[in-house]
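Enquirer: here are the coordinates; sequence isn't available:
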């Protein structure tokens, strides 16, 4: 017998964040009322008496009946009384009294949910604005924090915080763990805001005035609570702490977004991601730049702040006493002596994540200055000197959102696969899409010999006729030029059914019992 299938509303999935299960096991949502679409096999509706929804609060140890619906009903309603972990299971009751499954504990749960409606609490532990530089430290009180989503914004003190255009975001790389250090564009007093989201999509923020005490706009919250987020903020689509109207961000860098409660939820909602996540680098640490990148030919990418630098030396009779490494972060306009190495070290061990380097990610230019045994050298590079080598350090893996596939209007035999992928250092062909009928089995490319695709966001896929089942899992992989890799697998199989039902009238049927 085919069991009843269950599909929760398309909530965001954050890979690598589940406390005990694998990444694809748990969904985080920030609503206590959820509409759960359910679809029974039409050929078996006559055999069904009812369908029951069971809930476990102890990870499958005991299930309790939550709701019973009729065979033709299309959804359950889950009303959770409190936050926490919920395992969801469905049971069919047939007209002959048979229950499938007989005990909900017999098979894995249809869904594992963590309901979290608590907004993260952000508190400053240090905040300073001196010598033109802002230094911040903060703590986050939340059961399921997502520090990777944290952003820092600032604006001139006294400006109207409801005007999104006055906000600025702290420069890339200025945030490290739960600290930030940057030089704002404004010289006068400013208001800073630290905003973050948790895995369920709840957004919290805290603001602080720095650098003086000018008149603050009356629209600033009296309790020093969250300010409206800046325009094009990374939390677009997530409820704002102060309900400000914020346009949607084009970059999929927000944490999972839980759906609002709906009275009648559609079975498929293609506007919300069905899977989302980021990964870790798995490629060699330094990769030559791809030919498609606009950078000069001598740029290389590194996914590590530590790597070896190959070089050669031409010394005189006295040999080489040491080799000085000079670094520029502004394309040669200024140089600093980074480290000194003896004349016999080869290759040079480059260490960029030193304590004085507050912004590890970004561009570096390198120059070597050997010093002879007699103390002679060409001296430090002068301002404007061209670096011998440029390296872009990228420690951040791409972020991927996967959306529900849709029918291809141009090809009745094809599905359009939909996704969003974001990274600051993508090459031309950086996406791979694969399918498998069992996620533990063999994965096959949807694009045949073209293993990698451009990051267009859509791909028309014609499923093979040899599929053993009408359901497949999809795996999306993204690489950046530094070798960082992210991988997302759809948590539930995708139904591959491109046939439109048709009805044919055969005439008037004889009446029975009239």
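Expert: Perfect, thanks for sending it. On a predicted model such as this, the values are computed, not experimentally measured, just so you know. Numbers count the residues shown, from 1 in each chain.

Enquirer: quick one: residue 327 from residue 169, how far?
Expert: Distance, residue 327 to residue 169, by C-beta to C-beta, to the nearest Å: 26 Å. Where you see a C-beta, it was placed from the backbone N, CA and C, and this is true even at glycine.

Enquirer: okay, these two: which has more neighbours?
Expert: A direct count of neighbours by other C-beta atoms under 10 Å for residue 327 and residue 169 places residue 327 higher, at 20 against 16.

Enquirer: I'd say that one and residue 368 touch.
Expert: No. Using C-beta atoms under 8 Å as the test, residue 327 is too far from residue 368 to be in contact (10.8 Å).

Enquirer: what's the neighbour count on residue 128?
Expert: Residue 128: 13 neighbours (other C-beta under 10 Å).

Enquirer: quickly find the element holding it.
Expert: Per DSSP states H and E: residue 128 is located in strand 121-130.

Enquirer: counting contacts, what elements does that strand pack onto?
Expert: Helices and strands touching strand 121-130, by 3 or more C-beta pairs under 8 Å, 6 or more residues apart in numbering; DSSP states H and E, are strand 133-141, strand 190-198, strand 203-210.

Enquirer: these: which one's closest to residue 109?
Expert: Of all the helices and strands packed on strand 121-130, strand 190-198 sits nearest to residue 109, with 22.8 Å by C-beta to C-beta.

Enquirer: could you list the domains of the protein?
Expert: According to automatic domain parsing, the chain comprises the domains 5-115, 121-269, 304-393, 396-495.

Enquirer: and residue 133, bridged to which residues?
Expert: With DSSP bridges applied, residue 133 shows beta-bridge pairing to residue 130.

Enquirer: show me which residues of the strand holding residue 128 are buried.
Expert: The neighbour-count check on strand 121-130 (16 or more other C-beta atoms under 10 Å) flags 122, 127, 129 as buried.

Enquirer: so which residues make contact with that strand?
Expert: Residues from elsewhere that reach strand 121-130 (C-beta atoms under 8 Å, 6 or more residues apart in numbering): 134-142, 184, 189-190, 192, 194-196, 204-206, 208, 210-211.

Enquirer: one more pass at 7 Å, please.
Expert: With contact meaning C-beta atoms under 7 Å, 6 or more residues apart in numbering, strand 121-130 is reached by 135-142, 190, 194, 196, 204-206, 208, 210-211.

Enquirer: so that strand versus strand 190-198, what angle?
Expert: Counting by axes from the mean of the first three to the mean of the last three C-alpha atoms, to 10 degrees, strand 121-130 lies at 150 degrees to strand 190-198.

Enquirer: distance between strand 121-130 and the chain's centre?
Expert: Relative to its chain's centre, strand 121-130 lies at 26 Å (C-alpha atoms, centre = their mean, to the nearest Å).

Enquirer: what do you get for stretch 467-481?
Expert: In terms of C-alpha atoms, centre = their mean, the centre of stretch 467-481 is set 17 Å apart from its chain centre.

Enquirer: what do you get for stretch 438-452?
Expert: With C-alpha atoms, centre = their mean, you get 22 Å for stretch 438-452.

Enquirer: mean confidence (pLDDT) on that stretch, please.
Expert: Averaged over stretch 438-452, pLDDT sits at 84.

Enquirer: measure that stretch end to end?
Expert: 22 Å (C-alpha to C-alpha, to the nearest Å).

Enquirer: and residue 114, how many neighbours?
Expert: Look at residue 114: counted by other C-beta under 10 Å, it has 20 neighbours.

Enquirer: host element of it?
Expert: Taking DSSP H and E as the criterion, residue 114 maps to strand 111-115.

Enquirer: name the residues that touch that strand?
Expert: By C-beta under 7 Å, 6+ apart, strand 111-115 touches 6, 8, 21, 25-29, 32, 80, 83-88, 144.

Enquirer: mind listing what that strand pairs with, with the direction of each?
Expert: strand 26-29 (parallel), strand 84-94 (antiparallel).

Enquirer: tell me the mean pLDDT over whichever helix or strand comes after the last one?
Expert: Looking back up the chat, that one is strand 84-94. Downstream of strand 84-94, the first helix or strand assigned by DSSP H and E is strand 99-100. Here strand 99-100 scores 86 as its mean pLDDT.

Enquirer: any idea how far residue 477 is from residue 452?
Expert: Between residue 452 and residue 477 the distance is 9 Å, computed by C-beta to C-beta.

Enquirer: quick one: which of those two has more around it?
Expert: residue 477 (21 against 17).

Enquirer: quick one: which helix or strand includes the more buried one?
Expert: Counting by DSSP H and E, the element that carries residue 477 is strand 471-479.

Enquirer: do you know the pLDDT at the nearest residue to residue 209 once chain neighbours are set aside?
Expert: Leaving aside its sequence neighbours, residue 209 sits nearest to residue 191 (C-beta to C-beta, 6 or more residues apart in numbering; 5.2 Å). Looking at residue 191, its pLDDT reads 86.

Enquirer: give the burial count for residue 191, as a bare number.
Expert: 23.

Enquirer: wait, isn't it in contact with residue 206?
Expert: No. Under the criterion of C-beta atoms under 7 Å, residue 191 is not in contact with residue 206, lying 11.1 Å apart.
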